[in-house]
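S.K.: Fold the following.
(one chain, ligands or ions: 1)
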Amino acid sequence: MKYTLLANGRRLAYQTAGRSRHAIPLVLLHGFCEDQQLWAPLLPHLKSARLLSIDLPGFGGSDLPLAPGMDGYAEAVCAVLNERGIERCVLAGHSMGGYTALAFARHFPERLSGLGLIHSHPFADDPVRKENRRRGIELLQAGKKDAYVAQLFPGLFAPAFAQQHPKIVEAVIARGRRQPAAGIIAALEGMMDRPDGLEILQTLRCPALMVLGEEDSIIPPNEALRTALAADIADLHLLPGVGHMGMYEAGPSLAAILLKFWQFCIR
Ligand code: MLT
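M.R.: Take a look at the predicted model:
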């Protein structure tokens, strides 16, 4: 694990991997209640790339965020790039990591060679989603983190996969339980406040990747797929029989998609 010290004194954890040391890197951002371990199933398939995976503030080995919301996360990502002397990257985020990647594209478009949304979309929260997040915050504030996390993850996998791989679901829940309640609350607040990001895709100056799961209950694919057409150059993939957790449900396919997109963007 490596660390970047932010200007505010807080630490950000990240990891580097891959054989391609001098290329523009593929930077991976995990989703909500997760950390960079999320990408572990893909790493054996991405050895030929240059990888950097970051624990967003408040998750994994990173300190809690100081600046609020997706913008604060995007600034943290930029701080890691600056410290590593990386001018441009291909940035791919899973779900909330995708919301962060969109915020990064809004603030630092010149730093992007490609933008990947993995089980993610550009829409702001609707009132129902906001209300669910509010209820989540209340549970967390009442000290019920374990119960909150336990109900969060099973529905993120396609039902058949969850039934066949209970140990994977349990491991993801266990990792979720290790995340600090304050980090989870900050993420919920940040997601509730994020603006619509469709115009970011419409004005994007680099290629966009969108990977969706046919059985994703959080990011239903139909509407999300159409938004990818807003980008000038878009690479779209619908993973059959997959829910919200393609890293586990279709690791080799997702890795191959990411690798091809990265190679295309850095050419
Ligand atoms: C995630 O996996 O990051 C979240 O499910 C995203 C969300 O709740 O909108």
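S.K.: hang on, isn't residue 162 packed against residue 172?
M.R.: No. Under the criterion of Cβ atoms under 8 Å, residue 162 makes no contact with residue 172, lying 10.2 Å away. Every residue, glycine included, has its C-beta placed from N, CA and C.
S.K.: which of these two has more neighbours?
M.R.: When residue 162 and residue 172 are compared for neighbours, residue 172 comes out ahead with 23 against 19, by other Cβ atoms under 10 Å.
S.K.: tell me which parts of the stretch 101-250 of the chain are close to the ligand?
M.R.: On the criterion Cβ under 6 Å from any ligand atom, the ligand has as its neighbours in the stretch 101-250 of the chain the residues 191, 218.
S.K.: all helices of the stretch 101-250 of the chain, in order?
M.R.: 127-141, 145-152, 159-164, 166-178, 181-193, 198-202, 221-228, 246-249 (DSSP state H, counting those that start in this stretch).
S.K.: tell me the most buried of those?
M.R.: Per residue and on average, the most neighbours among the helices of the stretch 101-250 of the chain fall to helix 246-249, with a mean of 24 (mean count of other Cβ atoms under 10 Å).
S.K.: and residue 255, backbone torsions?
M.R.: Note on residue 255: backbone dihedrals following degrees, to the nearest 10 are phi -60, psi -40.
S.K.: how about it, what does it touch?
M.R.: The contact partners of residue 255, by Cβ atoms under 8 Å, 6 or more residues apart in numbering, come to 42, 45-46.
S.K.: how about 10 Å then?
M.R.: Residue 255 sits next to 39, 41-47, 49, 246-247 when contact means Cβ atoms under 10 Å, 6 or more residues apart in numbering.
S.K.: So for it, what's the pLDDT?
M.R.: Residue 255 carries a pLDDT score of 98 in this model.
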